[in-house]
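[1] pasting the sequence and the predicted model now:
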Amino acid sequence: MEDAELVARLRLGDEDAFRFVVERYHPSLLRLAMTMVPSRAVAEEVVQDTWLGLVRGIKGFEGRSSLRTWLFHVLVNRARSTGVHERRPATGVTAGPAVDPSRFGADGSWADPPVPWPDEVDDRLVASQLAERIRPRIDELPDMQRRVVILRDVEGLGATQVCELLGLSEGNQRVLLHRGRSRLRGMLESEMGNV
Amino acid sequence: MCREAVELVTDYLEGALTGRDRARLELHLADCPHCSAYLAQMRRTLDLLGRIEPEALDPQVADDLVMLYRRWQSE
Ligand SMILES: [Zn+2]
């Protein structure tokens, strides 16, 4: 179902349309909420609150963004207003090299270079197994990196949308993305021995 | 250069490098199999991240929400 049709039906209070958007977006909303509040229980409340926000706000939805992005916005606002505050320090942009510095020689070239990953990584089955293994590792990232990686690389939102959603500058968004992606590549590199 | 190259990978993939930096990096990549391997790994990492499915929705949760929806509508 397209957004326009869903929105029209939701405005009329159509239960099937509501169930459809819940099935489509609830898991993603919960995943994002869990990066914003300290517990799963609070995250579930925030998502439920987001659905209430949809019911109350759907008449004012102007379709300038997708329904999904709009729901993410509602969620971020609800999460911020829970008062249960985030664990992270305000900036969340941490410095740190993409690759362990000990892997480079004194001249800055690789001393311990990356070994190309086996082609089987392209195999769909292996890829989905690896994707499952990388999922819990995302949770090990600092909160802001995790949020940016989930929205950009897992949910597939664009840079501009993510900046708007999280109130980040383009530059900060890229730094967070870079740290997060670099760490995840490193984690996968160590997993590769088990493929 | 390799140590700097790995720090430019995200800006490169995001199209955020200046023309000059981009050209410099591409020149290095053409010349350095290790950094090329690194970039290939990063691309695969992104591909894998895009394959991660959110956890399945518990049907009970959907049912409960539809019940709430009914209540919200009548409020
Ligand atoms: Zn190199």
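    Nice, thanks for sending it over. Numbering: from 1, shown residues only, chains lettered A, B, ... in the order given.
[2] anything in stretch A:125-140 near chain B?
    Yes. Interface with chain B: stretch A:125-140 contributes A:A127, A:S128, A:L130, A:A131, A:E132, A:I134, A:R135, A:I138 (C-beta under 8 Å from any C-beta of the partner chain). (Each C-beta comes from the backbone N, C-alpha and C, glycine too.)
[3] restricted to helices, list these.
    A:A127, A:S128, A:L130, A:A131, A:E132, A:I134, A:R135, A:I138 (DSSP state H).
[4] might you report the residue contacts of the residue nearest to the fifth one when sequence neighbours are not counted?
    With sequence-adjacent residues excluded and distances taken as C-beta to C-beta, 6 or more residues apart in numbering or on different chains, A:E132 is closest to B:I52, at 7.7 Å. The neighbourhood of B:I52, defined by C-beta atoms under 8 Å, 6 or more residues apart in numbering or on different chains, consists of A:A131, A:E132, A:I134, A:R135, A:I138, A:V154.
[5] and the third one, what pLDDT?
    As predicted, A:I134 sits at a pLDDT of 90.
[6] wouldn't it be in contact with A:R185 here?
    No. With contact defined as C-beta atoms under 8 Å, A:I134 does not count as touching A:R185 (9.9 Å).
[7] which residues do those two both contact?
    Common neighbours of A:I134 and A:R185 are listed as B:T45 (criterion: C-beta under 8 Å, 6+ apart).
[8] what strand or helix carries residue 42?
    Here I'm looking at chain A. Per DSSP states H and E: A:V42 is located in helix A:40-57.
[9] think we crossed wires, I meant chain B
    Using DSSP H and E, B:M42 sits in helix B:33-51.
[10] what's the answer for B:L8, then?
    B:L8 belongs to helix B:2-13, assigned by DSSP H and E.
[11] check which helices and strands that helix sits against.
    Helices and strands touching helix B:2-13, by 3 or more C-beta pairs under 8 Å, 6 or more residues apart in numbering or on different chains; DSSP states H and E, are helix A:170-191, helix B:19-31, helix B:33-51.
[12] CA atoms of the shortest one as CSV?
    To tie it back to what came earlier, the one meant is helix B:19-31. The C-alpha trace of helix B:19-31 is given here as CSV (Å, rounded to 0.1, in the frame of the first residue of the first chain):
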residue,chain,number,x,y,z
GLY,B,19,37.6,16.9,-6.2
ARG,B,20,41.3,17.1,-5.3
ASP,B,21,41.1,14.8,-2.3
ARG,B,22,39.0,12.4,-4.3
ALA,B,23,41.5,12.2,-7.1
ARG,B,24,44.3,11.7,-4.7
LEU,B,25,42.5,8.9,-2.9
GLU,B,26,41.6,7.2,-6.2
LEU,B,27,45.2,7.4,-7.3
HIS,B,28,46.3,5.7,-4.1
LEU,B,29,43.6,3.0,-4.4
ALA,B,30,44.7,2.2,-7.9
ASP,B,31,48.2,1.7,-6.5
